[in-house]
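>>> need a 3D model of the following:
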Amino acid sequence: MCSRCGCPYQLKGGSKEQEAEGKYPYLNLREDFLPIAREYWEETKKFVCYGLMLGRAPGRAEFNEWYEENKEV
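Numbers count the residues shown, from 1 in each chain. Here you go, the predicted structure:
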């Protein structure tokens, strides 16, 4: 994951198309979530562990709180 914002990346493996193309790293977020992650970063400049890790996920609770306050209904 990015050590600055927390977005996860695909560093190897991936789909057959990604392997054939070989232009790693590939962003490993859903396309419809990317604008939300960008908006959060632009507004707060805070790290969020969007990926998987053992133990707590730094920044996730703050992000979830921000999202609930800012999501479109």
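
>>> do you know how far the residue sitting furthest away from the middle of the chain is from residue 32?
Distance from the C-alpha centroid of the chain peaks at residue 20, with 23.8 Å (Cα atoms, centre = their mean). According to Cβ to Cβ, to the nearest Å, residue 20 stands 25 Å off from residue 32. To be clear about C-beta, it is placed using only N, CA and C from the backbone, and glycine gets the same treatment.

>>> helix, strand, or coil at the residue farthest from the centre of the chain?
Assigned with DSSP: H, G, I helix; E, B strand; the rest coil, residue 20 falls in the helix class.

>>> now name the helix or strand holding residue 41.
Assigned by DSSP states H and E, residue 41 belongs to helix 34-44.

>>> can you spell out which helices and strands pack onto the next helix or strand after that helix?
Where DSSP H and E defines the elements, the next helix or strand beyond helix 34-44 is helix 60-70. Here helix 60-70 is seen to pack against helix 34-44 when contacts are counted using 3 or more Cβ pairs under 8 Å, 6 or more residues apart in numbering; DSSP states H and E.

>>> which other helices and strands contact the helix it packs on?
helix 60-70.

>>> now the helix it packs on: average pLDDT?
The average pLDDT within helix 60-70 is 94.

>>> okay, now the unreliable bits of the chain?
The model of the chain has pLDDT under 70 over residues 73.

>>> return the residues in contact with the residue farthest from the centre of the chain.
Residues near residue 20 by Cβ atoms under 8 Å, 6 or more residues apart in numbering: none.

>>> give me the distance between it and residue 70.
39 Å.
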